[in-house]
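In: predicted model and sequence follow; I will ask about them next.
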Amino acid sequence: MSELRKQESVDDTKRIVHTYPLMRHTDMTDEMKQETVEIIVAACEKHQTNNESVARVIKETMDKRYGATWHCVVGEAFGFEVSYEVRTLLYMFNAGNLAIAVWKCC
C-alpha cells in the first residue's frame, strides 16, 4: 500500500505545469502575435475561472483592433480544424493546460 502512495506522489511531481504562454502554432506576424498574446494573458488573468468571459474579451478586443469576424475558443480539452485568413491564426496554452485558439474567418 505504501509503495502505491509513493508511486502516486512521484507521478504528481513529474507533471509539468507551464505558467508562461506556450505557443503551439501561429502564422501571424511577430508584432501581431505579441499583441495577441498580451490580450490573451490579460483576459486570462482577469477572468481566471470563467472561460466563456475570457473568450468574449479576446474576441471583442481582436474585433476592435483588427476588424470584425474574429473567433476564439478557450478550454482544456478540445481539437479544432478551421478555415481562416492567412496570417491570422494563433494556438497557444496559458497557465498550464488552458488552450486558446484565435483566428479570423474568411
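Out: Sure, I can see it. Remember, it's a predicted structure, so these values are computed and weren't measured experimentally.

In: got phi/psi on residue 91?
Out: phi -130, psi 120 (degrees, to the nearest 10).

In: quick check: bridge partners of it?
Out: residue 25, residue 101 (DSSP bridges).

In: that one and residue 49: what is the separation?
Out: Relative to residue 49, residue 91 is positioned 22 Å away (CB to CB, to the nearest Å). Where you see a C-beta, it was placed from the backbone N, CA and C, and this is true even at glycine.

In: those two: which is more packed in?
Out: residue 91 (16 against 6; other CB atoms under 10 Å).

In: ok, now how distant is the more buried one from residue 50?
Out: From residue 91 to residue 50 the distance is 21 Å (CB to CB).

In: and what of residue 88?
Out: 25 Å.

In: with neighbour numbers in mind, choose between those two.
Out: Remark: of residue 88 and residue 50, residue 88 carries more neighbours, 23 against 12, as counted by other CB under 10 Å.
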